[in-house]
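# here are the coordinates; sequence isn't available:
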């Protein structure tokens, strides 16, 4: 009991100590005023070096070989860098060092011109550098922001449920899986307005992102995200990386609805792009239902996963939602912001999806959106 009280106090202290965010001023990109300018961001998830092969360096080489694109200044990877099978035990959460990932990235990219950001996934507990190696919260880039969401911040709807799971692990150890068993899959196209997920008892949670100062669940993390957005004095675009998606399919993301609402509110005044991974296992088993949400644009509808009370809800998105690209399956995405007028503000964004096997990807998954896709930025004025 005493240990649980200490853990709870430390968690509250971390959150309280990070309430104040720096006030940001309006900042342009790094181009010359009056001249067109573009900057890029490379994104992908699910490296999983054990099992299907590690394609990170190969995907970067494929992208860099295209002379018609702007090389990225930032590489943003969205979790699950190692492991195979369930996300517990020696095969699911093996030991690794982020230096291995860095060496792969900077084998292709110039380390003096490129920064690497890594968000946390459920297989990444064995990182030898600890949780300090991972990225969450806000980060300022070249005329835009990126924001990292940790695994727990999407898989737990509330702090109280997260704390119960953390306490169970402290008491019971690693005897059971760190996440509940998957309920039957629900396709976006067949979901009703409100479909409660299959109930399951609490499971111990052993993720090192329990130490994340930006929150241990969607409840506290969205509160921090909203506070940061409201502190901004500009309306530069925001790219958000979450290992776990918000759409309903696997039922293991009850924080999805809270994040949808927070991102919806943010997108009322700025352009927002949310990226996801995690569900590659469904496609490996022959289920391609996720591909109908590989690119959701403002005005498209999506079935969003909520908690056991809210269930699954159908909503219209006002931000871009896209699959970052599963490295294990040989996919990645290059996001390019363009200031075509030389105004100091980006007016277009292009998402270009890459395939390692050389397949000419005509569309994003089973959507009608062509690859590459260029959207007009509506808010960055």
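Looks like it came in fine. Everything numeric in this text was worked out from a predicted model, so none of it was measured.

# In the stretch 201-350 of the chain, what residue spans correspond to helices?
Along the stretch 201-350 of the chain, counting by DSSP state H, counting those that start in this stretch, helices occupy 218-231, 256-266, 280-284.

# Can you mark which positions in the last one are buried?
Applying a neighbour-count criterion of 16 or more other Cβ atoms under 10 Å, one finds 280, 282 buried in helix 280-284. Just so you know, the C-beta spots here come from the backbone N, C-alpha and C atoms, and that holds for glycine as well.

# Touching it from outside, list them.
46, 52, 185, 249-250, 288-291, 326, 328-329 (Cβ atoms under 8 Å, 6 or more residues apart in numbering).

# Just the buried ones from the residues you listed?
46, 52, 249-250, 289-291, 326, 328-329.

# Quickly find the element holding the nearest residue to residue 294 once chain neighbours are set aside.
Once flanking residues are discounted, residue 294 sits nearest to residue 365: 3.0 Å by Cβ to Cβ, 6 or more residues apart in numbering. According to DSSP states H and E, residue 365 maps onto no helix or strand at all.

# list the buried ones in stretch 34-41?
Buried-residue list, stretch 34-41, by 16+ other Cβ under 10 Å: 37-41.

# all strands of the stretch 51-200 of the chain, in order?
For the stretch 51-200 of the chain, applying DSSP state E, counting those that start in this stretch gives strands covering 72-77, 115-118, 137-140, 145-149.

# In its sheet, which strands sit next to the second one, and in what direction?
Right, the one you point to is strand 115-118. strand 72-77 (parallel) (DSSP bridges).

# Over to the third one?
Strand 137-140 has its sheet partners listed here by DSSP bridges as strand 145-149 (antiparallel).

# Not counting its own residues, what contacts the strand it pairs with?
By Cβ under 8 Å, 6+ apart, strand 145-149 touches 41, 74, 76, 117, 119, 134-139, 221, 225, 228, 236-244, 259.

# Quick one: residues contacting the closest residue to residue 300 other than its chain neighbours.
Nearest non-adjacent residue to residue 300, counting by Cβ to Cβ, 6+ apart: residue 317, 5.6 Å away. If a contact means Cβ under 8 Å, 6+ apart, then residue 317 has 260, 264, 296-302 as its contacts.

# again, only this time at 10 Å
Contacts for residue 317 (Cβ atoms under 10 Å, 6 or more residues apart in numbering) come out as 246, 260, 263-264, 267, 272, 274, 293, 296-302, 304.

# Return the members of those residues classed as buried.
By 16+ other Cβ under 10 Å, the contacts of residue 317 give 246, 260, 263-264, 267, 272, 274, 293, 296-297, 300, 302, 304 as buried.

# Tell me which two of those residues sit farthest apart.
Using Cβ to Cβ, the two most remote members of the buried ones among the contacts of residue 317 are 267 and 293, lying 16.8 Å apart.

# So, low pLDDT: which residues of the stretch 251-381 of the chain?
380-381 (pLDDT under 70).

# in it, which spans are strands?
Using DSSP E, counting those that start in this stretch, strands in the stretch 251-381 of the chain cover 272-276, 295-296, 301-305, 312-316, 320-323, 331-339, 348-355, 373-376.

# got these as JSON lines, with distance to residue 100 columns?
Below are these laid out as JSON lines (distance: least, Cβ to Cβ, whole Å):
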{"stretch": "strand 272-276", "distance to residue 100": "23"}
{"stretch": "strand 295-296", "distance to residue 100": "31"}
{"stretch": "strand 301-305", "distance to residue 100": "33"}
{"stretch": "strand 312-316", "distance to residue 100": "38"}
{"stretch": "strand 320-323", "distance to residue 100": "24"}
{"stretch": "strand 331-339", "distance to residue 100": "18"}
{"stretch": "strand 348-355", "distance to residue 100": "22"}
{"stretch": "strand 373-376", "distance to residue 100": "32"}
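
# if I pick the residue nearest the centre of the chain, what's in contact with it?
Centroid check for the chain by Cα atoms, centre = their mean gives residue 242 as the closest residue, at 1.7 Å. By Cβ under 10 Å, 6+ apart, the contact set of residue 242 is 45, 78-79, 119, 121, 147-151, 153-154, 221, 253, 255-256, 259, 263, 274-278, 324.

# And for the closest residue to it other than its chain neighbours, the neighbour number?
Distances taken as Cβ to Cβ, 6+ apart put residue 149 closest to residue 242, at 3.9 Å, once the chain neighbours are dropped. The number of residues packed near residue 149 is 32, by other Cβ atoms under 10 Å.

# circling back: just the buried ones out of the contacts of strand 145-149, please.
41, 74, 76, 117, 119, 134-138, 221, 225, 228, 236-244, 259.

# Just list the residues touching the closest residue to residue 29 other than its chain neighbours, thanks.
With Cβ to Cβ, 6+ apart as the criterion, residue 29 has its nearest non-adjacent residue at 3.0 Å, and that residue is residue 143. Neighbouring residues of residue 143 by Cβ under 10 Å, 6+ apart: 27-31, 37, 39, 234, 236-237, 337, 339, 344-346, 380.

# State the pLDDT value of residue 143.
Model confidence at residue 143, expressed as pLDDT, equals 95.

# right, and residue 137 touches residue 209 too?
No: between residue 137 and residue 209 there is no contact under Cβ atoms under 10 Å: 11.9 Å.

# which residues are common contacts for these two?
Joint contacts of residue 137 and residue 209 (Cβ under 10 Å, 6+ apart) are 149-150, 215.
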